[in-house]
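*Asks:* Structure here, sequence nowhere to be found:
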C-alpha cells in the first residue's frame, strides 16, 4: 500500500513539474531574439519577467495596466513613472540586467543579453 501511494505521489509531482502554467508565448520570449523584444507591464507584473536577447537588441516595455503607475529601473537605465506609453533601451553588451518597478518592489524582471552571432 505504501509503495502504491508513493508511486502515485511521484507521478502527481512529476506531472505538476511538466507544466508551470505558462503559455507558449513565455517560452518563445525566453529564447534569444534578434533586433527587438517586448515586455508588457500588466497585472502588476513584467510579462515575461525574464527575457533573453542578443546584443544590439532594443527592448520595449509597454504599459498596459490601466491607471496603475509603474516605472522600469536598473543600474543602466530608468524610465519615467507612467500609466501608459512605452520605454525602450538597447542592450549592447552581454550580461544580466535585473530591473524593478520602484513603486512595486515585488515587480522584478531580468534581461539576459547574449553575445550574438
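*Replies:* In hand now; what should we look at? Worth saying up front: this structure is predicted, and the values here are computed from it rather than measured.

*Asks:* Now the closest residue to residue 67 other than its chain neighbours. Its backbone dihedrals?
*Replies:* Nearest residue to residue 67, sequence neighbours excluded (Cβ to Cβ, 6 or more residues apart in numbering): residue 83, at 5.4 Å. For the C-beta atoms, the positions are set from N, CA and C on the backbone; glycine is no exception. Here the main-chain torsion angles of residue 83 (degrees, to the nearest 10) amount to phi -110, psi -10.

*Asks:* check contacts around the residue nearest the centre of the chain.
*Replies:* Ranked by distance to the mean C-alpha position of the chain (Cα atoms, centre = their mean), the top residue is residue 49 at 1.7 Å. Applying Cβ atoms under 8 Å, 6 or more residues apart in numbering, we find residue 49 in contact with 108, 109, 110.

*Asks:* show me what contacts residue 39?
*Replies:* With contact set as Cβ under 8 Å, 6+ apart, residue 39 has these partners: 46, 47, 48, 51, 59, 60, 61, 62, 109.

*Asks:* Strands of the chain, residue ranges please.
*Replies:* Listed from the start of the chain, the chain has strands (DSSP state E) covering 36-42, 45-47, 50-54, 57-63, 85-91, 95-101, 104-114.

*Asks:* Which strands border the fourth one, and is each parallel or antiparallel?
*Replies:* Applying DSSP bridges, strand 57-63 is found paired with strand 36-42 (parallel), strand 85-91 (antiparallel).

*Asks:* Good, wrapping up.
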